[in-house]
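Q: sequence and predicted structure below; questions after.
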Amino acid sequence: MSESPAAEAAVYLFPVPLSDGTAGRVIPTYNVELIKQIRHFVVENVRSARRFLRSVDRDIVIDDLSFTELSEHTPAADVAAMLAPVEQGQPIGVLSEAGCPAVADPGSDLVAEAQRRGIKVVPLVGPSSILMSLMGSGFNGQSFAFHGYLPIEAKARTAAFRDMERNIRNHRQTQIFIETPYRNNRLIAEMSEKLPRDLLLCVASDISGARESIITLPVAKWRSKNYDYSKIPTIFLLFS
């Protein structure tokens with residue numbers, strides 16, 4: 001018999017597909033059964049959240065749900081009020097734009113407030129671009145660091161490259177980071193020029209999607225490789 005979960009008064013963290021049209025492949029049935037019981041959602045983007053919920057179950061009546069947006073621009077003073085439903089005995093679902101909420105995602109502010117108040121937090125299984133790219137890279141999975149977006153300013157960016165190389169050489173630590181999708185190609189070209197030829201660069205693109213590509217090559221080979229990752233969600237990993 002399949003397990004039928006009952007949602008309790010808690011903050012549920014629901015991973016969201018990394019690529020459109022893959023909900024049926026990457027979202028567990030357990031998560032779907034919980035989602036159908038929740039009426040209050042804290043989301044990074046309301047439009048994306050509504051689209052995700054429709055893809056999970058077409059019988060969900062979207063207009064019966066309440067959505068509160070929590071983005072990088074949300075004032076810190078507004079976060080606590082988002083926990084009102086759970087303090088009244090109702091579950092809250094947290095949705096990121098893609099991947100895992102609260103990981104490189106403003107949902108972490110809500111989770112931190114819930115922890116301060118002693119509210120139960122339930123992280124659920126689902127796609128994580130950081131972990132899935134690491135799994136497919138062939139790099140060290142026991143010691144790694146995720147840096148988010150690298151600095152835009154040239155000197156700070158170069159310094160970040162140097163720091164990552166030191167961590168790779170001295171600590172055997174995989175370095176993971178992201179870029180705004182339309183700048184992906186530019187970043188690869190920049191790394192090809194600035195990084196040592198023997199470093200390994202993994203480019204993991206459209207993970208779990210129709211165009212999925214996870215390729216690990218020495219920096220020297222990326223210099224002459226033909227590629228086009230423009231506007232495709234991509235994770236970058238460095239190792240040696």
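A: Received the coordinates, thanks.
Q: for the protein, longest helix please?
A: Longest helix of the chain, by residue count under DSSP state H: helix 154-171.
Q: show me what it is packed against.
A: Secondary-structure packing of helix 154-171 (3 or more C-beta pairs under 8 Å, 6 or more residues apart in numbering; DSSP states H and E): strand 144-149, strand 174-178, helix 184-194, strand 234-239. (C-beta placed from N, C-alpha, C; glycine too.)
Q: got the angle between the second one and helix 184-194?
A: With axes from the mean of the first three to the mean of the last three C-alpha atoms, to 10 degrees as the basis, strand 174-178 and helix 184-194 are set at 140 degrees to each other.
Q: helix 154-171 and strand 174-178, what's the angle between them?
A: Using the same axes, to 10 degrees: strand 174-178 against helix 154-171 is 150 degrees.
Q: quick one on the thing from earlier: roughly how far is the longest helix of the chain from the heart of the chain?
A: Averaged C-alpha coordinates place helix 154-171 at 23 Å from its chain's average position (C-alpha atoms, centre = their mean, to the nearest Å).
Q: from Ile215, how far off is Arg117?
A: With the distance defined as C-beta to C-beta, to the nearest Å, Arg117 ends up 45 Å from Ile215.
Q: which residues in this structure form helices?
A: 23-26, 29-35, 46-56, 84-87, 107-116, 129-137, 154-171, 184-194, 219-222.
Q: relative to Phe239, which of those is closest?
A: helix 154-171 (5.9 Å; C-beta to C-beta).
Q: on that earlier part again, pull out the buried positions in the longest helix of the chain.
A: Judged by neighbour count using 16 or more other C-beta atoms under 10 Å, the buried positions of helix 154-171 are 161, 164-165, 167-168.
Q: can you redo these as TSV with distance to Val203 and pLDDT?
A: Compiled in TSV, these are given as follows (distance: C-beta to C-beta, whole Å; pLDDT from 0 to 100):
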residue	distance to Val203	pLDDT
Phe161	16	96
Met164	15	97
Glu165	18	97
Asn167	19	97
Ile168	16	98
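Q: Lys194: which of those is nearest?
A: Closest to Lys194, out of all of the buried residues of helix 154-171 and judged by C-beta to C-beta, is Phe161, at 5.7 Å.
Q: thinking again about what came up before, and the contacts of the longest helix of the chain?
A: 143, 145, 147, 150-151, 173-175, 177, 190-191, 194-196, 199, 238-240 (C-beta atoms under 8 Å, 6 or more residues apart in numbering).
Q: relative to strand 144-149, how tilted is it?
A: Using the same axes, to 10 degrees: helix 154-171 against strand 144-149 is 170 degrees.
Q: now do helix 154-171 and strand 234-239, the angle between them.
A: 50 degrees.
Q: can you show me the CA trace of helix 154-171 as PDB?
A: Once non-C-alpha atoms are left out, helix 154-171 reads as follows in PDB (Å, rounded to 0.1, in the frame of the first residue of the first chain):
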ATOM      1  CA  ALA A 154      37.000  42.300 -12.900                       C
ATOM      2  CA  LYS A 155      39.500  42.500 -10.100                       C
ATOM      3  CA  ALA A 156      37.200  40.800  -7.600                       C
ATOM      4  CA  ARG A 157      36.300  38.100 -10.100                       C
ATOM      5  CA  THR A 158      40.000  37.400 -10.800                       C
ATOM      6  CA  ALA A 159      40.600  37.200  -7.000                       C
ATOM      7  CA  ALA A 160      37.700  34.700  -6.700                       C
ATOM      8  CA  PHE A 161      39.300  32.500  -9.400                       C
ATOM      9  CA  ARG A 162      42.600  32.600  -7.500                       C
ATOM     10  CA  ASP A 163      40.900  31.700  -4.200                       C
ATOM     11  CA  MET A 164      39.000  28.800  -5.800                       C
ATOM     12  CA  GLU A 165      42.300  27.500  -7.400                       C
ATOM     13  CA  ARG A 166      44.000  27.600  -3.900                       C
ATOM     14  CA  ASN A 167      41.100  25.600  -2.400                       C
ATOM     15  CA  ILE A 168      41.300  23.000  -5.100                       C
ATOM     16  CA  ARG A 169      45.100  22.700  -4.900                       C
ATOM     17  CA  ASN A 170      45.500  22.800  -1.100                       C
ATOM     18  CA  HIS A 171      42.300  21.200   0.100                       C
END
